[in-house]
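J.: next comes the sequence, and after it the predicted model I'd like to discuss.
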Amino acid sequence: MIELDCISRVYHMGGETLRALDSVSEKVLPGEFVALIGPSGSGKSTLLNVIGCLDRPTDGVYSLEGHAVDGFSDDELSRIRRDTFGFIFQSYHLIPRLSAQANVEVPMVFAGVPKAERARRSAEALAAVGLSERAKHRPAELSGGQRQRVAIARATILAPRILLADEPTGNLDSAAGAQVLALLDKLHGQGLTLIMVTHDPKVAARAERVLLLEDGRVAKRLTGAQLAAAGEGPSGR
């Protein structure tokens, strides 16, 4: 379970203070699909980064699976990121010089997985996202949708319990986006907790719960069905 208790994140930039998160309290249960929406600068990505232990809150208590994260060392946070989370980003973050299969293997290299095991598991992961025939292609030789599917294979290669996706369809056309969303729906159906930032209300409506952020706070809580019924709703554009 993810538990956030009065989480704030404040940045000091020169003489200015930016409060990216302001006393956010929320729980995410195992296996939930939660979408974060809201206007640019509302705190969506900052909240996702705090949840994924990529950033530390300035104030408040963050508990992950019953353990307070706040006092953990950088090494402990690195272990949590490796063992607990899978990350998917809008810009893919693939290594240009590596093949699709080698990109998928990167987390296993850092986890100390033997070479033969890495090859087997990465091949299976690419097959699961429909890219077996593209295993030896580099990112520049892949379409945007194919790159994102490689990124999904990489994000799930160590069997994380929680998948964090920051605008996973933001750079994709509708057809490629639909393929990516179908994969995410499938992973959620297999029991993964999924937390996704999106500006698209139609994408957010696929979630079980939707949190609308404004000025670093949770301004509204909806179900995906409620957002869908509202039409365009709060789009986050």
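T.: Sure, I can see it.

J.: which other helices and strands contact the longest helix anywhere in the chain?
T.: Looking across the chain with DSSP state H, the single longest helix is helix 174-189. Helices and strands touching helix 174-189, by 3 or more C-beta pairs under 8 Å, 6 or more residues apart in numbering; DSSP states H and E, are helix 144-156, strand 162-166, strand 193-197. Just so you know, the C-beta spots here come from the backbone N, C-alpha and C atoms, and that holds for glycine as well.

J.: just put the ones you listed in TSV and tack on distance to L21.
T.: Output for the helices and strands packed on helix 174-189, formatted as TSV (distance: least, C-beta to C-beta, whole Å):
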stretch	distance to L21
helix 144-156	24
strand 162-166	15
strand 193-197	13
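
J.: looking at these, which is closest to I7?
T.: I7 sits nearest to strand 193-197 of all these, at 14.1 Å, using C-beta to C-beta.

J.: give the rounded mean pLDDT of whatever helix or strand comes next after that closest one.
T.: For strand 193-197, the succeeding helix or strand toward the C-terminus, using DSSP states H and E, is helix 201-204. Here helix 201-204 scores 94 as its mean pLDDT.

J.: state the pLDDT value of the residue nearest to the spatial centre of the chain.
T.: Closest to where the C-alpha atoms of the chain average out (C-alpha atoms, centre = their mean) is L164, at 1.8 Å. Confidence at L164, expressed as pLDDT, is 97.

J.: now for the residue lying closest to it once chain neighbours are set aside: which residues touch it?
T.: Of all residues not flanking L164 in the chain, G52 sits nearest, at 4.8 Å (C-beta to C-beta, 6 or more residues apart in numbering). Contact partners of G52, counting by C-beta atoms under 8 Å, 6 or more residues apart in numbering, are 81, 85, 87, 164.

J.: part of a helix, is the first one?
T.: So the one you mean is R81. Yes - assessed by DSSP: H, G, I helix; E, B strand; the rest coil, R81 belongs to a helix.

J.: for the residue nearest to it when sequence neighbours are not counted, give me the pLDDT.
T.: Among residues not flanking R81 along the chain, C53 sits closest, at 5.3 Å (C-beta to C-beta, 6+ apart). Here the pLDDT value assigned to C53 is 94.

J.: C53: what secondary structure?
T.: The local conformation at C53, judged by three-state DSSP, is coil.

J.: right, and it touches L77 too?
T.: Yes - using C-beta atoms under 8 Å, C53 is in contact with L77, at 4.6 Å.

J.: quick one, what contacts L211?
T.: Contact analysis of L211 by C-beta under 8 Å, 6+ apart lists 26, 34-37, 218, 220-221.

J.: can you do 6 Å?
T.: By C-beta atoms under 6 Å, 6 or more residues apart in numbering, the residues touching L211 are 36, 218, 221.

J.: burial check on G145, number of neighbours?
T.: Neighbours of G145 under the rule other C-beta atoms under 10 Å: 18.

J.: count of neighbours near the nearest residue to it once chain neighbours are set aside?
T.: Closest residue to G145 apart from its sequence neighbours, by C-beta to C-beta, 6+ apart: A176 at 2.7 Å. Residues lying near A176 (other C-beta under 10 Å) number 18.

J.: my read: A176 touches L142, true?
T.: No - using C-beta atoms under 6 Å, A176 is not in contact with L142, being 10.9 Å away.

J.: circling back to that earlier point, just want to know which of C53 and L77 has more residues nearby.
T.: Under the criterion of other C-beta under 10 Å, the comparison of C53 against L77 puts C53 first, with 21 against 16.

J.: which residues touch the more buried one?
T.: 77, 80-81.

J.: nearest to L212, of those?
T.: Checking the contacts of C53 one by one against L212 (C-beta to C-beta), the nearest turns out to be R81, at 26.9 Å.
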